[in-house]
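Enquirer: structure for the following, please:
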Amino acid sequence: MKYTVKPAEKSTVKINITLNAQEWENAQKKAYDKTKGKYSVPGFRKGKVPKNVIEQMYGKGVFFEEAINVSFSEYYFEILDKETSIEPIDRPDIDIEKIDEKGITMVAIVPVKPEVTLGEYKGITIDKVEYNVTKKDVDAEIDRLVKRNAREVNVEGRPCQNGDITVIDYKGTIDGVAFNGGTAEGQTLELGSGAFIPGFEDGVVGMNIGDEKDINVKFPDNYGAEELKGKDAVFTVKLHEIKVKELPEVTDEFIKEATGEESLDAFKKSTKAKLKEANDKRAKAETEDKIIEKIAETSTVEIPDAMVERQIDAIVQDMEYRMMYQGLRLEDFLKYSNQSMEDYRNSFRDNAQKQVKLQLVVEKIIKTENITVDQAEIDEKIKEQAKNMGKDFEEYKKSMNDRQLSYFENNALIEKMFAFLTANNKID
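Expert: Numbering: from 1, shown residues only. Next up is the predicted model:
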């Protein structure tokens, strides 16, 4: 096998692969072995028909297509192993330049990562992002702690009001006919939460325990269920219980029981430290984002559609996982929001294009400055993760596969690149 590699237009590489007569014949034999079971010839058992008999019956080129697939797959990846500078980003387009008994020449147009022309990336000025921890922030954490430890207390002798937690039965009808999903017993509802359709919770307000009443509502025009959109409905509601949240008093005893801290002051101090650590990480990440974005503004690169589509794939997959955790399928979301998958993907296109450019700029800086990491630096990242997970470093590292190890290597490399940029630019 002989091959040549030449740059082509628009971030592509042209690979010519030539097989001589013997190599081409071997490829056809492999194609025959792979596909002979699907040919039927009178007088022969299926899968036992000789190659020359099949060629006589179906034509000399009967195995050409499969032979091309077999040989290209074999030699293409062999070439990529040798030509490490080629970084394919999508499947190649394959054409046949010449084919006869003397051999075959295949031409592959391979989409590759585009060349990036960096703008200024040293000596620029960036505004530093900072987030300070305030008394209000600490008080908000205490408030959340108190609400998490609240208990529900039954209330009697008064009608329910906004903020109350109610237990109700309801049955919804449209034109006197019950509809799917419109009936429940012992349903808990916090009034004023907006959990039900507009008008329902307002209708419950003022009811007393044991009361039963009809509440007239109208389903919103953009409601998820197509058959209920814009429809007038009547819900027959019976109120069983009224509860309120009783908040604990914030004392040293409460703090110790709820958090393990010795006192309220100790909890405030540790909370402030945790918030500061989180704020510092957030500020650092946002400052680094600003550096890369500023460099990308003056950098030029022609972004291939394949890279954008792949980034959109990743975004859509991430959104699909998030919906799954909320008990929603992507197909249902598209139906409820009245949009096609194409519309949904296009809504992420601009962001995907931006993310691809930023990634390409990052890779170019790393390559230009020859930034590398050694095993010790990678191990430090693994140790941090092992510590956070309460695991032994050596055991944790042994449990990792190549993809996971590559993640930590990339993580260390990116961090080192940002350290380089921080040192070589002015952060005000």
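
Enquirer: could you use CA atoms for every contact and neighbour count after this?
Expert: Noted.

Enquirer: give the contact list for residue 346.
Expert: Shown here is residue 346, which makes no contacts under the criterion CA atoms under 8 Å, 6 or more residues apart in numbering.

Enquirer: ok, and the closest non-adjacent residue to residue 224?
Expert: The shortest distance from residue 224 to any non-neighbouring residue, by CA to CA, 6 or more residues apart in numbering, is to residue 336 (4.9 Å).

Enquirer: got the residue ranges for the helices in the stretch 151-300 of the chain?
Expert: With DSSP state H, counting those that start in this stretch as the criterion, the stretch 151-300 of the chain has helices at 200-204, 252-259, 264-297.

Enquirer: returning to what we had before: gap between the residue nearest to residue 224 and residue 292?
Expert: When CA to CA, to the nearest Å is the yardstick, residue 336 and residue 292 sit 37 Å from each other.

Enquirer: one more: residue 316?
Expert: Shown here: residue 316 relative to residue 292, a distance of 24 Å by CA to CA.

Enquirer: what does residue 415 give?
Expert: With distances taken as CA to CA, residue 415 is found 13 Å from residue 292.

Enquirer: these two: who's more crowded?
Expert: Looking at residue 415 and residue 292 with other CA atoms under 10 Å, you find the greater number of neighbours at residue 292, namely 19 against 13.

Enquirer: contacting residues around the more buried one?
Expert: Counting by CA under 8 Å, 6+ apart, residue 292 has contacts 358, 361-362.

Enquirer: the strands in the stretch 1-150 of the chain, which residues?
Expert: Read by DSSP state E, counting those that start in this stretch, the stretch 1-150 of the chain holds these strands, from start to end of the chain: 2-7, 12-20, 93-100, 103-111, 125-126.

Enquirer: just so I know, which of those lies nearest residue 165?
Expert: Between residue 165 and the strands of the stretch 1-150 of the chain, the shortest gap by CA to CA is with strand 125-126, which sits at 50.1 Å.

Enquirer: which residues touch stretch 362-382?
Expert: Outside stretch 362-382, the residues that reach it (CA under 8 Å, 6+ apart) are 116, 118, 292, 393, 397, 408-409, 411-413, 416-417.

Enquirer: buried ones in stretch 35-42?
Expert: residue 36 (16 or more other CA atoms under 10 Å).

Enquirer: now it, how far from the centre of its chain.
Expert: Using CA atoms, centre = their mean, to the nearest Å, we find the averaged C-alpha position of stretch 35-42 to lie 46 Å away from the chain's own average C-alpha position.

Enquirer: residue 428: how many residues sit nearby?
Expert: So residue 428, with other CA under 10 Å, has 8 neighbours.

Enquirer: geometric centre of the chain: which residue is closest?
Expert: Centroid check for the chain by CA atoms, centre = their mean gives residue 318 as the closest residue, at 2.3 Å.

Enquirer: for that residue, give its distance to residue 308.
Expert: According to CA to CA, residue 318 stands 15 Å off from residue 308.

Enquirer: kindly report the same for residue 138.
Expert: Using CA to CA, residue 138 is found at 42 Å from residue 308.

Enquirer: ok, residue 161 next?
Expert: Taking CA to CA, one finds residue 161 at 52 Å from residue 308.

Enquirer: also residue 302?
Expert: Counting by CA to CA, the gap from residue 302 to residue 308 is 11 Å.

Enquirer: and residue 29, what does it touch?
Expert: With CA under 8 Å, 6+ apart, residue 29 has these contacts: 51, 67.

Enquirer: so what's it scoring on pLDDT?
Expert: The score at residue 29 is 93. That number is its pLDDT.

Enquirer: can you check residue 63 too?
Expert: In this prediction residue 63 is given a pLDDT of 90.

Enquirer: and it, how far from residue 231?
Expert: Shown here: residue 63 relative to residue 231, a distance of 63 Å by CA to CA.

Enquirer: cool, residue 72 as well?
Expert: 60 Å.

Enquirer: ok, residue 402 next?
Expert: Looking at residue 402 against residue 231, where the rule is CA to CA, the gap reads 56 Å.

Enquirer: repeat that for residue 21.
Expert: Taking CA to CA, one finds residue 21 at 74 Å from residue 231.

Enquirer: equivalent analysis for residue 385, please.
Expert: Counting by CA to CA, the gap from residue 385 to residue 231 is 53 Å.

Enquirer: then residue 67?
Expert: Shown here: residue 67 relative to residue 231, a distance of 62 Å by CA to CA.

Enquirer: for the contacts of stretch 362-382, give me JSON lines that also has secondary structure and distance to residue 351.
Expert: Compiled in JSON lines, the contacts of stretch 362-382 are given as follows (DSSP: H, G, I helix; E, B strand; the rest coil; distance: CA to CA, whole Å):
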{"residue": "116", "secondary structure": "coil", "distance to residue 351": "19"}
{"residue": "118", "secondary structure": "coil", "distance to residue 351": "20"}
{"residue": "292", "secondary structure": "helix", "distance to residue 351": "15"}
{"residue": "393", "secondary structure": "helix", "distance to residue 351": "37"}
{"residue": "397", "secondary structure": "helix", "distance to residue 351": "35"}
{"residue": "408", "secondary structure": "helix", "distance to residue 351": "25"}
{"residue": "409", "secondary structure": "helix", "distance to residue 351": "26"}
{"residue": "411", "secondary structure": "helix", "distance to residue 351": "22"}
{"residue": "412", "secondary structure": "helix", "distance to residue 351": "25"}
{"residue": "413", "secondary structure": "helix", "distance to residue 351": "24"}
{"residue": "416", "secondary structure": "helix", "distance to residue 351": "25"}
{"residue": "417", "secondary structure": "helix", "distance to residue 351": "23"}
